[in-house]
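Chemist: what's the 3D shape of this:
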Amino acid sequence: MKDKYTGIIKGLSDRELLFHLYLTQFILLAISFILSLILFNRLTDVLHLFKINDMNILLIGGTAGLGVVLLDVILMKLLPPSFYDDGGLNERVFRNRSVLHIALIAATVAFCEELLFRGIIQTHVGLVYSSLIFAVVHYRYLFNWFLFLNVVVLSFFIGYIFLITNNLFVTIFTHFIIDFLLGLIIKYRHNTGSNSGNTGRDVS
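Modeler: Prediction:
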């Protein structure tokens, strides 16, 4: 399974890889819109999940994101590189991108995934089911038990943050910080020619 997946990644050009990444996020956004029409009485009910004037965005969302990245960096130093081997996808996505493009990718993924999995699904089926669905959707990690466990735990963690804050901007910011900083780590490790500590896991 891993060899087949790695072969598929290697067979895609950078342009094709980015196209599929953005297409996937567009599909998640479309699913969110359709489900919001079905599950919510009014679309404005979805907007109430976004609260911009909330210090928790920085206090909880920012702190949680930085904490996850710090823990990841420590684990990457302590664990064998194979634990973070995702088949090369994240490296291909981030290594040659500008900082602004990495920020755009991180923001797009954070918004689309949090809207669907936390804003739409979790509000209707609860933390456990939404977190498990989130993990299963990231099926590319199934060939690496550590990365899959990582995603499961992280999904429950972010879901819990939404549970206690009821503000999608908090989890979006957490998700963004994680993907953005890990994307930068991949970019600058590649540019400096370092192959140690493959940064395989983000939440996209």
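
Chemist: in this protein, which helix or strand is least confident?
Modeler: Using mean pLDDT, DSSP states H and E, helix 2-11 stands out as the lowest-scoring helix or strand of the chain, at a mean of 63.

Chemist: what packs against the very next helix or strand once past it?
Modeler: Next in sequence after helix 2-11, counting helices and strands by DSSP states H and E, comes helix 14-39. On a contact count with 3 or more CB pairs under 8 Å, 6 or more residues apart in numbering; DSSP states H and E, helix 14-39 meets helix 89-94, helix 99-114. To be clear about C-beta, it is placed using only N, CA and C from the backbone, and glycine gets the same treatment.

Chemist: what angle do the longest one and helix 14-39 make?
Modeler: With axes from the mean of the first three to the mean of the last three CA atoms, to 10 degrees as the basis, helix 99-114 and helix 14-39 are set at 30 degrees to each other.

Chemist: quick one: helix 99-114 to chain centroid distance?
Modeler: 9 Å (CA atoms, centre = their mean, to the nearest Å).

Chemist: what comes up buried for that helix?
Modeler: Applying a neighbour-count criterion of 16 or more other CB atoms under 10 Å, one finds 102-103, 105-114 buried in helix 99-114.

Chemist: so which of those comes closest to residue 165?
Modeler: Nearest to residue 165 out of the buried residues of helix 99-114 is residue 114 (CB to CB; 11.8 Å).

Chemist: done for today, thanks.
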